[in-house]
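1. just the structure for this:
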Amino acid sequence: MYEDNIKDNKTMMSSKSYAVIGLFMVLCYIGNLGQYTIMGQYIYYRISSDEDLVRNESFSQCSKVNFSSNFSNTQNRVQSSAAQYNIYAQLSSGIPSMIVVIFSGVLSDFYGRKLVILISWIGSFIGTIFNILLISLNGPLWVYIVGQFLSGLGGNYGAMLVGVFSLVSDSTGHRNRNFGIIIIEIALGLSMITSQALLGKWLRLNNFLWPIVTFGIIFSLSGVMYLFLKETRNKRMTGNRNIQFHMKMTISKMIELFYNNKKFNFLLIFSTISFFIHTFNFFGNMTLITVYLFGRPFCWNSEILGYYRSISSAIVQFGIILSFLMLKYMRMNEILIIEVGFLTNILSKLLFAIAPSYAKSICDYLIIIAGFDLFSGASVSLLRSVSSKHVSPEDYGTLFGMMSSFETLSSLLGGVVYNGIYDATLSFYYGFVYCFAVVLLSIAFVLMIFFFIVKKGTPIQYENIS
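-> This next block holds a predicted model:
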């Protein structure tokens, strides 16, 4: 029934198309992630300077301070303020972007995938301008909050991923869907490796201005690659109904994905909840990691943090490539790979949780802990692919719009919850927030066990050609 949509789509993915999409995402993500890293450290530095807890470029965040009775209170105050500022930034960006992303799926179905990508790109470009102005003029920190809000009005990365993943799904069948989505995830991961590998060293040797300008230019170059993206929307998918009707029906359509014909789509329920937990943990950790490792008892600096992030990203990308090879040549069950990813992620967060108790011996080995995230990137890639196999092609825009909404919501709530828990518990145990992460990831692990059990008796409903 749905094969015609794929057969009639004359923009089937070629190697050139994958290269264009991959390069576009690499430039976008390098630019955005580099800026995100810089701004997190810049805000921490500004708050530390206000407390006369100045960053030492040669050693660590703590080494210029005498370990007097006042040090603990001062350091805790800096980490608390930085965590609270992370919350403000997440709220200012996450609330508007979540609203935009909810409707980006239906917009991409009617007006094309490229329009949604363009709107997101413009919002991020405006945020880039505000970041550069803040650092170059040493302005008040609320300028960053305003820039984040304006960037959120474009939908941020969530809306962009709606367009990109819908574009890929339009032109691939189930057998190639894993490959197409994994290619995009690899592009994102390579961006993280590239942006983090030298950024820490650069921040130590230079001020914040030139790094933020450089990553702003890199992001701007992605606008050139946007011109070469090919639209893949099939106009027959939207039928004769108008956009206003579908905008009103967006929430209803999302609900129907889970509950239709008086039957619950348990497979989609399990996979999307697990996806939400995975991204919730990812973004919560991402917003907190700078504050967590710059302060006591770790006292890392920009260079060490940069090395850790680049090595961690390289391990994750190796896991994604390895999982693809296992799927293609070993015919390994994709659910098994997802579960291994969750299990190793649980072990990683458990080690983070106990690290403060053994700071002198274990914090030097946190880079080794990154190895436990080997299949975590593969998990989120495969969860996207698995979910798309249980909806019709006409609902791809709605599905990926919904998943990006969940991703945006998780970035909003993850940052707020993780930083909030850290702020509330750092007075008695620094690693408590990662105990919370272990519990959440364990829930997702169990849900995917249920997914596997239910799936054994449920055939793929919407098979199409590859």
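
2. ranges for the helices of the stretch 1-150 of the chain?
-> 3-7, 15-50, 71-111, 113-137, 142-152 (DSSP state H, counting those that start in this stretch).

3. just so I know, which of these lies nearest Ser348?
-> helix 15-50 (19.8 Å; CB to CB). In short, each C-beta sits where N, CA and C put it, glycine included.

4. tell me the angle that closest one makes with helix 113-137.
-> Helix 15-50 and helix 113-137 meet at an angle of 30 degrees, taking axes from the mean of the first three to the mean of the last three CA atoms, to 10 degrees as the criterion.

5. elements contacting helix 15-50?
-> helix 71-111, helix 113-137, helix 156-170, helix 174-197, helix 199-205, helix 209-226, helix 266-294, helix 302-329 (3 or more CB pairs under 8 Å, 6 or more residues apart in numbering; DSSP states H and E).

6. most packed of those?
-> Comparing those by mean neighbour count (mean count of other CB atoms under 10 Å), helix 156-170 ranks first with a mean of 28.

7. now the phi/psi pair for Gly155, please.
-> Main-chain torsions, Gly155, degrees, to the nearest 10: phi 100, psi -10.

8. from what I see, it and Ile102 are in contact.
-> No. Between Gly155 and Ile102 there is no contact under CB atoms under 8 Å: 9.5 Å.

9. does Gly154 sit in a helix, a strand or a coil?
-> Using DSSP: H, G, I helix; E, B strand; the rest coil, the structure places Gly154 in coil.

10. wait, it sits on Trp121?
-> Yes. Shown here, Gly154 and Trp121 form a contact pair, counting by CB under 8 Å, at 7.3 Å.

11. ok, back up a step: adding distance to Tyr329 and mean pLDDT, write the helices of the stretch 1-150 of the chain out as TSV.
-> Converted to TSV, the helices of the stretch 1-150 of the chain look like this (distance: least, CB to CB, whole Å; pLDDT from 0 to 100):
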stretch	distance to Tyr329	mean pLDDT
helix 3-7	25	41
helix 15-50	20	81
helix 71-111	34	77
helix 113-137	31	91
helix 142-152	41	91
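
12. go through those and name the closest to Thr344.
-> helix 15-50 (22.6 Å).

13. ok so Ala378 is a helix residue?
-> Yes. Assessed by three-state DSSP, Ala378 belongs to a helix.

14. how about Ile449: what's its closest non-neighbour residue?
-> Leaving aside its chain neighbours, Ile449 sits nearest to Glu339 (7.2 Å; criterion: CB to CB, 6 or more residues apart in numbering).

15. in CSV: the helices and strands packed on helix 15-50, plus distance to Phe406.
-> Shown next, in CSV, are the helices and strands packed on helix 15-50 (distance: least, CB to CB, whole Å):
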stretch, distance to Phe406
helix 71-111, 9
helix 113-137, 17
helix 156-170, 9
helix 174-197, 16
helix 199-205, 29
helix 209-226, 25
helix 266-294, 5
helix 302-329, 20
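
16. wait, which of those helices is closest to Gly40?
-> helix 266-294 (4.5 Å).

17. who are the packing partners of that closest one?
-> Helix 266-294 packs on helix 15-50, helix 71-111, helix 243-258, helix 302-329, helix 334-354, helix 376-388, helix 396-425, helix 432-455, going by 3+ CB pairs under 8 Å, 6+ apart.

18. which residue sits closest to Leu399, ignoring its sequence neighbours?
-> Val391 (5.0 Å).

19. hmm, the one you found is touching Ser271, no?
-> No. At 10.9 Å, Val391 does not count as touching Ser271 under the criterion of CB under 8 Å.

20. Ile21: neighbouring residues, count only.
-> 23 (other CB atoms under 10 Å).

21. please disregard the earlier target; I meant Lys230.
-> Neighbourhood size, Lys230 [other CB under 10 Å]: 16.

22. likewise for Thr398?
-> 25.

23. tell me how far it lies from Phe276.
-> 16 Å (CB to CB, to the nearest Å).

24. name the nearest residue to Phe318, sequence neighbours excluded.
-> Excluding its sequence neighbours, the residue lying closest to Phe318 (CB to CB, 6+ apart) is Leu374, at 7.1 Å.

25. what about that neighbour, distance to Gly415?
-> Noted for Leu374: a distance of 25 Å to Gly415, by CB to CB.

26. which one's more surrounded, those two?
-> Gly415 (26 against 21).

27. test my guess that that one contacts Tyr88.
-> No. Gly415 is beyond contact range of Tyr88, at 9.9 Å (criterion: CB under 8 Å).

28. common neighbours of the two, please.
-> Contact criterion CB atoms under 8 Å, 6 or more residues apart in numbering; residues shared by Gly415 and Tyr88: none found.
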